[in-house]
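>>> take a look and give me a structure for this.
(chains A, B, C and D)
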Number of protein chains: 2
Amino acid sequence: MDSPKIRNMEEFAAFSGISRPTVSKYFNDPKSVRRTTREKIEKALEECDYRPNFFAVNQNRKLTKNIGIVVPYLADPFFAEIARRIETLVIGSGYTPILLSSHGDPALEAENLNSLRAIKPAGVLLAPLGRISDRDILEAFCADFPTVNFDANIDGIGEVFVGHNNAQATEVMIQYLVRSGEPPAFFEMRTPPNPNANKRRLAYIETMERLGLSPHIIQVKGEGWDFEDIGFRGGKNVLSKSDLPSKTIFCSNDRLAIGFLAAAYEAGHRVGIGDDCSLRVAGHDNHPFSRFTCPTLTTISHDYSAIATRGVETVLSLIDSGAHAESRQMVLFDGELIMRASA
Amino acid sequence: MDSPKIRNMEEFAAFSGISRPTVSKYFNDPKSVRRTTREKIEKALEECDYRPNFFAVNQNRKLTKNIGIVVPYLADPFFAEIARRIETLVIGSGYTPILLSSHGDPALEAENLNSLRAIKPAGVLLAPLGRISDRDILEAFCADFPTVNFDANIDGIGEVFVGHNNAQATEVMIQYLVRSGEPPAFFEMRTPPNPNANKRRLAYIETMERLGLSPHIIQVKGEGWDFEDIGFRGGKNVLSKSDLPSKTIFCSNDRLAIGFLAAAYEAGHRVGIGDDCSLRVAGHDNHPFSRFTCPTLTTISHDYSAIATRGVETVLSLIDSGAHAESRQMVLFDGELIMRASA
DNA sequence: TAATAAAGTTTACGCGAGTAAAGAATAGGA
DNA sequence: TCCTATTCTTTACTCGCGTAAACTTTATTA
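Predicted coordinates for the structure are as follows:
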């Protein structure tokens, strides 16, 4: 009997002894009411656990308290991890995160943006699919809602891009690999869905040439987001021909590397830095599973934490300022070399 | 100029030449209006891409078109995968999925259920955290919304439980392992968060005894959801002592097995079924990554597809019937042995 | 203590749709 | 062609809360 059934704000206001408009003001921003009033409301709140109706609240507000988060492929723990961090930060800021995954499908990505429209988000953090995204749809969406583009940079999408410094990260890894052994060949998909792959290839070529080394690029076939499988098949194929341009393989991302390691294992290669090893393999992303490959994967970490934090900070400031940024900004965070056993 | 700005259903009704109540009826169920009327509305729809306001639609309806999906830990690809399937089925049924992850935290799980309340879901698919869940909160929630419990069976939670047949699956694996080599020891966490682990241990003991073999259980310490790490540390510890009760290790789940394999690799063990191998390792779940471990992991697959399909079908029928089920049902789908290289 | 700014109360309207009721229009069958 | 069962249209009310305006009460300051 301690909690009377409160049906709406009217009844809650009566229960708390405060007028409804003031209660409404409180829910919008608790600090906007006098301390004594706030305490009365919060006391009442403890006694009857009322919550304003989500739908009614958002119907009339020009600006909701929802923040959309769109990722290309949630079944990839990399995105699950960054989404988790972003969600936590969004909640901490008093907003409601709406997480959507495009599951690798551009039609679903478009549909997700449509769903978000219906929710009138105050702001959006968008990691697009990349090459296969429908650019026009993304652009139209970004014109209507304050959007921060992250992970996959698509020119003109979002007021700001927050992401990983592929050029710096690639260079750091190459420097390390060159210093510690044979210069690396670059292993990637021929038609990667994600634009980061292209940045990494270019950075590889440029760095190698600057070091006076000749770049070797191994491109394997495969479509979609099943990267481990593509790395595995491609790796198997490449290793069977035994015409590797280098014994050091720098994979475009960790998921490819995981597949490649599996292929190398199956082919009887010993991977690592010891004298008894016939291959070195490195990845890129510091994927959550890279700590548990055999051998553990040497890779480059994104600054997950900085990217998530800056991303959320940026949407919030876009929301506050209301205005569109004058020019699109790019914020890149440096990667960190993670030395493990594979290279 | 082809799309006039339509602000609400009133304007859209005028544009389409049909009255607003009829248009409203159409959006509720297109088949509830005459064919000719439907065609007029759909023609208008193509010309101006109007969508009913999500918030206004849901405000007055006793039953929304939202279906909540709550998973314990989305960064685990296993859950990401099953969530993906469920989402797809829900969308295909004309409902809007709302996916929430508890990130291993009971407070967040409770908060997620609270958020769902606000959205008045027509139904919910709930995979609880398990041992650490706040049972009272789950129960209170299930009393208010038609809920299907999946993955982790908690007695009394949800009208129906849909899940994996741990007993059958465990037995199948043991039969296989016993037939093909040394009887397995069971490797698990001492305090697993998920109730499936307990079912598997009991099934292991029972099956071993029935076969006239003595069960050996290896319990390693560790809290939380970082299973690979727990498997790795625990495995390392166990392997260093070289007092393994068996050379065949049956891990309680694939993520532990992945960690264990990494530990075995580091300790210089060759894992597999060949004569040159000193260990066999098996898992349970057919985790998306189990195809790419070194060696590839022998495991037991959940019937993902059947679980997702039945789960969604069940919520939908609960929603249709409106009534609570008379007694809680349990639907279990058998697992399938996936033979790979590790055992 | 009086003046004034700040915060609360009352009253009233709006949002965008769901939905009920009564009457008009349409379709299908005899 | 007429009759009846459907389906639409009109009209009107509801939901739960945001928000504006005018007024009253409470804090702050001089």
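>>> output the below-cut-off pLDDT ranges for chain A.
A:1-4, A:322-325 (pLDDT under 70).
>>> close to DNA strand C: what parts of it are there?
A:17-22, A:25, A:32-34, A:37, A:59-60 (CB under 7 Å from any atom of the strand). All C-beta atoms are positioned from the backbone trio N, CA, C, and that covers glycine.
>>> just send the residues you listed back as JSON lines, with neighbour count, secondary structure and distance to chain B too.
Formatted as JSON lines, those follow (neighbours: other CB atoms under 10 Å in any protein chain shown; DSSP: H, G, I helix; E, B strand; the rest coil; distance: CB to the nearest CB, whole Å):
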{"residue": "A:17", "neighbour count": "11", "secondary structure": "coil", "distance to chain B": "24"}
{"residue": "A:18", "neighbour count": "19", "secondary structure": "coil", "distance to chain B": "22"}
{"residue": "A:19", "neighbour count": "12", "secondary structure": "coil", "distance to chain B": "23"}
{"residue": "A:20", "neighbour count": "15", "secondary structure": "helix", "distance to chain B": "17"}
{"residue": "A:21", "neighbour count": "10", "secondary structure": "helix", "distance to chain B": "20"}
{"residue": "A:22", "neighbour count": "17", "secondary structure": "helix", "distance to chain B": "22"}
{"residue": "A:25", "neighbour count": "16", "secondary structure": "helix", "distance to chain B": "20"}
{"residue": "A:32", "neighbour count": "12", "secondary structure": "helix", "distance to chain B": "22"}
{"residue": "A:33", "neighbour count": "19", "secondary structure": "coil", "distance to chain B": "22"}
{"residue": "A:34", "neighbour count": "9", "secondary structure": "coil", "distance to chain B": "27"}
{"residue": "A:37", "neighbour count": "19", "secondary structure": "helix", "distance to chain B": "24"}
{"residue": "A:59", "neighbour count": "17", "secondary structure": "helix", "distance to chain B": "4"}
{"residue": "A:60", "neighbour count": "8", "secondary structure": "helix", "distance to chain B": "9"}
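>>> and the residues you listed near DNA strand D, which?
Answer for these near DNA strand D (CB under 7 Å from any atom of the strand): A:20-21, A:25, A:59-60.
>>> go ahead and confirm residue A:240 touches residue A:267.
Yes. With contact defined as CB atoms under 8 Å, residue A:240 reaches residue A:267; the gap is 7.2 Å.
>>> higher neighbour count, the two?
Higher neighbour count among residue A:240 and residue A:267: residue A:267, with 15 against 10, using other CB atoms under 10 Å in any protein chain shown.
>>> didn't the more buried one look like it was pressed against residue A:238?
No. If you go by CB under 8 Å, residue A:267 and residue A:238 don't touch, sitting 9.7 Å apart.
>>> for residue A:130, give me its contacts.
Counting by CB atoms under 8 Å, 6 or more residues apart in numbering or on different chains, residue A:130 touches A:72, A:152, A:154, A:192-195.
>>> in terms of helix, strand or coil, where does it fall?
coil (DSSP: H, G, I helix; E, B strand; the rest coil).
>>> for residue A:24, which non-adjacent residue is closest in space?
residue A:9 (6.4 Å; CB to CB, 6 or more residues apart in numbering or on different chains).
>>> please, where are all the helices along chain A?
Along chain A, counting by DSSP state H, helices occupy A:9-16, A:20-28, A:35-48, A:54-60, A:77-92, A:106-119, A:135-144, A:166-180, A:195-210, A:227-241, A:254-266, A:304-321.
>>> right, so those: which one is the most enclosed?
helix A:254-266 (a mean of 27; mean count of other CB atoms under 10 Å in any protein chain shown).
>>> please see if it touches chain B.
Yes. Helix A:254-266 reaches chain B (CB under 8 Å from any CB of the partner chain) through A:258-259, A:261-262, A:265-266.
>>> now swap in stretch A:40-47 and tell me
No. Figure legend: stretch A:40-47 not in contact with chain B (CB under 8 Å from any CB); closest approach 13.2 Å.
>>> return the distance of that stretch from the chain's centre.
Centre-to-centre, stretch A:40-47 and its host chain are 39 Å apart (CA atoms, centre = their mean, to the nearest Å).
>>> name the surrounding residues that touch it.
A:2-3, A:12, A:15-18, A:23, A:26, A:33, A:50.
>>> which parts of chain A sit against DNA strand D?
A:7-10, A:12, A:20-21, A:24-25, A:27-28, A:36, A:52-53, A:56-57, A:59-62.
>>> what about 6 Å?
Counting by CB under 6 Å from any atom of the strand, chain A comes close to DNA strand D at A:7-9, A:21, A:24, A:27-28, A:36, A:52-53, A:56-57, A:59-61.
>>> so residue A:173 makes contact with residue A:250?
Yes. If you go by CB under 8 Å, residue A:173 and residue A:250 touch, sitting 6.4 Å apart.
>>> common neighbours of the two, please.
Counting by CB under 8 Å, 6+ apart, the common neighbours of residue A:173 and residue A:250 are A:184, A:282, A:284.
>>> residue A:94 against residue A:65, yeah?
Yes. In this structure, residue A:94 is within contact of residue A:65 by CB under 8 Å, at 6.9 Å.
>>> and these two? which has more neighbours close in?
Neighbour count, other CB under 10 Å: between residue A:94 and residue A:65, residue A:65 has more, with 18 against 10.
>>> quick check on the residue lying closest to that one once chain neighbours are set aside: phi, psi?
Leaving aside its sequence neighbours, residue A:65 sits nearest to residue A:95 (CB to CB, 6+ apart; 5.2 Å). Torsion angles at residue A:95 (phi, psi; degrees, to the nearest 10) stand at phi -110, psi 170.
>>> cool, and the one 10 residues further on?
Residue A:105 has phi and psi values of phi -120, psi 120 when expressed as degrees, to the nearest 10.
>>> up against chain B, what does the stretch 151-300 of chain A have?
Taking CB under 8 Å from any CB, the part of the stretch 151-300 of chain A that reaches chain B is made up of A:228-229, A:232, A:258-259, A:261-262, A:265-266, A:288-289, A:291-296.
>>> quick check: residues of the stretch 1-150 of chain A near chain B?
A:51, A:53-56, A:58-59, A:74-77, A:80-81, A:83-84, A:87-88, A:96, A:99-101, A:103, A:114-115, A:117-120.
>>> break chain A into its domains for me.
Per automatic domain parsing, the domain ranges recorded for chain A read A:9-52, A:66-163+A:304-334, A:166-301.
>>> for residue B:302, which of those domains is the nearest?
Each of the domains of chain A has some distance to residue B:302 by CB to CB; the shortest is domain A:66-163+A:304-334, at 15.0 Å.
>>> and that closest one, how far apart are its ends?
Counting by CA to CA, to the nearest Å, you get 30 Å between the two ends of domain A:66-163+A:304-334.
>>> ok, now stretch A:70-79?
Start-to-end span of stretch A:70-79 (CA to CA) is 10 Å.
>>> tell me who's in contact with residue A:284.
A:169-170, A:173, A:200, A:250-254, A:257, A:299-300, A:335.
>>> list the beta-bridge partners for the nearest residue to residue A:286 once chain neighbours are set aside.
Sequence neighbours aside, residue A:301 is the residue nearest to residue A:286 in space, at 3.5 Å (criterion: CB to CB, 6+ apart). In this entry, residue A:301 is beta-bridged to residue A:285, residue A:336, by DSSP bridges.
>>> look up how far chain B lies from residue A:301.
Residue A:301 sits at a distance of 16 Å from chain B (criterion: CB to the nearest CB, to the nearest Å).
>>> likewise for residue A:148?
Distance from residue A:148 to chain B, counting by CB to the nearest CB: 21 Å.
>>> what's the answer for residue A:141, then?
13 Å.
>>> now that residue: how far from DNA strand D?
Distance from residue A:141 to DNA strand D, counting by CB to the nearest atom of the strand, to the nearest Å: 23 Å.
>>> quick check: closest non-adjacent residue to that residue.
Sequence neighbours aside, residue A:113 is the residue nearest to residue A:141 in space, at 4.6 Å (criterion: CB to CB, 6+ apart).
>>> nice, that's everything, thank you.
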